[in-house]
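Student: What follows is a predicted structure for the sequence shown.
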Amino acid sequence: MSKVFLDTNILVYSLDQSDAGKREKCRGIIKSLTGENSGVISTQVMQEFYVAATAKMGADPLLIKDILRFLERFETVVVSPMLIKEAIDCAIINRLSFWDALIVVSAESAYCETLWTEDLNHGQVIRGVRIENPLK
C-alpha cells in the first residue's frame, strides 16, 4: 500500500466516546496502517492530538503520552523552517488555513499519495496529494 498521511481528527475520533461508529472506524484505520507500515504523521499532528485529547476531551495526559509512544511506529515528519515556508506558500496559493497547508506540505514531503482528513475537500488534489475523507 502507498503511504497515507493521517490528520489529527482521525486520531482524535479514535478516542471519541460520543460516536462509537467513528471511533471504531478510526481505530481500524490506525490498526490497518500500523500493520501495513504505511501510516505517516507529523510532529504537528502529535501536538494537536495531545492538546485536543487532553484539553477538549479530558483524556488522561499519561494515556495520551502512551498513545503517542505507540504512534512512533508511523513515519513522522518533523516540521522544519523549510516546511513552514512551504506551508505559507501553499496556504496563499490554495486559500487554506496555515495549519491545513502545513499538513498538506508535510504529507507531500513524505511522498504520501493520500491525506486522510475530514477538514479538506474529499477528492481534491493539492501539491500532488489526494485528499480523502475515510469517514464518508
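Tutor: Received it, and whenever you're ready, just let me know what you need. Residues are numbered from 1 along each chain as shown.

Student: Tell me the buried residues in the helix of greatest length in the chain?
Tutor: Identified as the longest helix of the chain according to DSSP state H is helix 20-36. Neighbour counts over helix 20-36 (16 or more other CB atoms under 10 Å) mark 22-23, 25-26, 29-30, 33 as buried. For glycine as for every other residue, the C-beta is placed from the backbone atoms N, C-alpha and C.

Student: Pull the number of nearby residues for the residue nearest to V4 when sequence neighbours are not counted.
Tutor: Distances taken as CB to CB, 6 or more residues apart in numbering place T114 nearest to V4, at 4.9 Å, with adjacent residues excluded. T114 sits with 20 neighbouring residues when counted by other CB atoms under 10 Å.

Student: how far out from the middle of the chain is the helix or strand containing A87?
Tutor: Here A87, judged by DSSP states H and E, is contained in helix 81-94. In terms of CA atoms, centre = their mean, to the nearest Å, the centre of helix 81-94 is found 17 Å from the chain centre.

Student: tell me what the lowest-mean-pLDDT helix or strand in the chain is packed against?
Tutor: The weakest-scoring helix or strand in the chain, judged by mean pLDDT, DSSP states H and E, is helix 20-36 (a mean of 93). For helix 20-36, the packing partners by 3 or more CB pairs under 8 Å, 6 or more residues apart in numbering; DSSP states H and E come out as strand 4-6, helix 8-13.

Student: picking that back up, turn the buried residues of helix 20-36 into CSV, including distance to V104.
Tutor: CSV is the format used below for the buried residues of helix 20-36 (distance: CB to CB, whole Å):
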residue, distance to V104
K22, 23
R23, 26
K25, 23
C26, 20
I29, 19
I30, 20
L33, 18
